[in-house]
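# sequence unknown, structure follows:
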């Protein structure tokens, strides 16, 4: 098995370097935190109170199952997917634009 068979799950800044290393080698990375430094590096982000939730993107992106198959799998294990929102998160920081008369060197 090569490095493209690695699945790495992390939640903090200490995981960023490993995730970058795994991504370069075509592995699969999953963030389990909304922390932007981790979620921006990971190929997928999963937020759940149940650790088994990380199986969903593995089944979807690696195994190739559709959502119905994944739901049926969890149900066969006695778990129901109550909510499943698949969204892309944009992180924005906005600030007031500077008044041009306040910019140094402006005339």
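It's in. All values reported here derive from a predicted model rather than from experimental measurement. Numbers count the residues shown, from 1 in each chain.
# what is the helix or strand where residue 21 lies packed up against?
Using DSSP states H and E, residue 21 sits within helix 16-24. Packing partners of helix 16-24 (3 or more CB pairs under 8 Å, 6 or more residues apart in numbering; DSSP states H and E): strand 7-10, strand 28-31, helix 36-39. For the C-beta atoms, the positions are set from N, CA and C on the backbone; glycine is no exception.
# pull the residues that contact stretch 7-14.
15-16, 18-19, 22, 27-33, 35, 37-38, 42, 54, 58, 62 (CB atoms under 8 Å, 6 or more residues apart in numbering).
# hmm, try it at 10 Å
If you take CB atoms under 10 Å, 6 or more residues apart in numbering as the criterion, stretch 7-14 is touched by 15-19, 21-23, 27-35, 37-39, 41-46, 51, 54, 57-58, 61-62.
# give me the buried entries from these.
15-16, 19, 22-23, 27-33, 35, 38-39, 41-46, 54, 57-58 (16 or more other CB atoms under 10 Å).
# helix or strand: which one has residue 48?
Counting by DSSP H and E, residue 48 is part of no helix or strand.
# pLDDT weak spots in this protein?
88-92, 99-107 (pLDDT under 70).
# just give me the residue closest to the centre of it.
Central residue of the chain (CA atoms, centre = their mean): residue 45, 2.0 Å from the mean position.
# next, that one: phi, psi?
Dihedral angles of residue 45 (phi, psi; degrees, to the nearest 10) stand at phi -130, psi 130.
# out of the helices and strands packed on helix 16-24, which is closest to residue 93?
Closest approach to residue 93 among the helices and strands packed on helix 16-24 is made by helix 36-39 (10.3 Å; CB to CB).
# any residues touching the closest one, and which ones?
Contacts of helix 36-39 (CB under 10 Å, 6+ apart): 10-16, 19, 29-33, 45-47, 89, 91.
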